[in-house]
Every structure is written in structure tokens, then in C-alpha cells.
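> Sequence first, predicted model second:
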Amino acid sequence: MKLFKRVHIASNVLALVMLTTFLVWTFCTLSDLPQKFGIHYDIDGNFDIYSENRVMAFYPFFAGYGLFVIFSLLSFAASKIKKVGGKYKENETEGIRLVIRFLCDMLKLCWAVFWAFWSFHVIHQSRWHFIINRNFTIVLVLALPLFAAIAADEVRKHKMRKQEKT
């Protein structure tokens with residue numbers, strides 16, 4: 001559980017620091033944006049939507065902080081689940097809650113990285129040519145089972161420690 005708490009705190013802090021750093025950077029460079037600037041990318045990494053409204057420069061943060069809040073609420077709800085189902089024992093329910101919360105934390109971190117990249121390119125008005133542009137979904141699909149396996153292993157270790165104590 002100590003490892004989970006450390007990962008939970010570290011992933012939340014890292015995601016918030018990343019988003020907030022780019023938010024401050026956007027505020028500082030807002031006057032440097034051209035009159036009509038790109039805010040959205042097509043599949044090839046080129047701007048396909050432009051805006052003259054400076055508020056739209058904060059588009060990545062609406063999504064980034066919004067997803068952070070949504071996954072935080074989901075994590076909070078998962079921590080309050082009393083019983084997952086009739087066939088699960090209390091320690092198994094605890095493990096399921098832990099896996100859900102861990103996955104929410106990792107999703108917060110993944111999406112914070114995504115929106116930080118996006119805001120970086122909006123600030124610099126540059127083409128988005130990172131590999132993450134086309135393959136972000138694939139990265140998530142590959143990363144989520146890895147995160148789930150790590151969380152499940154932590155739950156298994158936790159169960160073993162509880163059994164050893166009794």
C-alpha cells in the first residue's frame with residue numbers, strides 16, 4: 001500500500017505540475033501568438049483549425065484539467081466502493097479498488113503528457129510530428145495492461161503479506 005500511495009501522489013503531482021507549467025507558459029507567450037493561430041491538428045500533424053480568439057489558446061488545458069478532474073472523481077468513487085459483487089471477499093474487493101485507482105492515476109498521467117505536448121505545439125505554432133501524434137491510442141492500449149499487471153502484482157503482494165500476518 002505504501003508503494004501505491006507513493007505512485008498515486010507522484011502521478012497526480014507530476015500531471016498537475018506538467019499541465020500548470022504549460023498553462024503559465026501559455027499565459028507568458030500569449031502576446032507572441034499570431035493574429036490567426038492554429039489550435040487543432042489533423043491526422044498528419046498539421047493545423048486544421050485556426051482561431052483569432054486568444055481564449056482558444058487554452059483549449060488543451062480545458063481538456064487536460066477536465067480529464068484530470070474526471071479521472072480523480074472516478075478514482076474517488078472507486079475508493080468508496082463497499083462491495084464489488086457477491087462472489088468477492090473483502091480483500092479481493094480492496095484489490096479491485098486498488099487496480100481501478102491505479103489505472104485512473106496512470107490515465108491522468110498519460111493524458112497530461114498528451115495535452116502538454118499539444119499545448120507546447122500550440123504555443124510554438126509548430127507541426128506536431130512526434131510519434132505520439134498517430135500512435136497515442138496504441139500507446140494507451142499497450143500501456144494499460146502493463147499498468148494493470150503492475151497493480152495486480154501489488155495487490156497479490158498485499159494479500160500475501162496479510163496472509164502471513166494471520
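Yep, it's here. Numbers count the residues shown, from 1 in each chain.

> buried stuff in the host helix or strand of Ala78?
In the assignment (DSSP states H and E), Ala78 maps to helix 59-79. The neighbour-count check on helix 59-79 (16 or more other C-beta atoms under 10 Å) flags 59-61, 64-65, 67-68, 71, 74-75, 78 as buried. Heads up, the C-betas are built off the backbone N, CA and C, glycines and all.

> need these in TSV with distance to Trp128 and pLDDT, can you?
Formatted as TSV, the buried residues of helix 59-79 follow (distance: C-beta to C-beta, whole Å; pLDDT from 0 to 100):
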residue	distance to Trp128	pLDDT
Tyr59	14	83
Pro60	12	85
Phe61	17	88
Gly64	16	89
Tyr65	20	92
Leu67	19	91
Phe68	21	92
Phe71	24	91
Leu74	28	89
Ser75	29	87
Ala78	33	81
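
> could you dump those residues to a markdown table with distance to Arg127?
Listed next are those as a markdown table, based on distance: C-beta to C-beta, whole Å:
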| residue | distance to Arg127 |
| --- | --- |
| Tyr59 | 17 |
| Pro60 | 16 |
| Phe61 | 21 |
| Gly64 | 21 |
| Tyr65 | 25 |
| Leu67 | 24 |
| Phe68 | 27 |
| Phe71 | 29 |
| Leu74 | 34 |
| Ser75 | 35 |
| Ala78 | 39 |
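
> what's the farthest-apart pair in those residues?
Of all pairs drawn from these, the one with the longest distance (C-beta to C-beta) is Tyr59 and Ala78, at 29.0 Å.

> Look up how far Val7 lies from the residue nearest the centre of the chain.
Taking C-alpha atoms, centre = their mean, the centroid of the chain lies closest to Lys108, which sits 1.9 Å from it. Distance of Lys108 to Val7, given as C-beta to C-beta, to the nearest Å: 12 Å.
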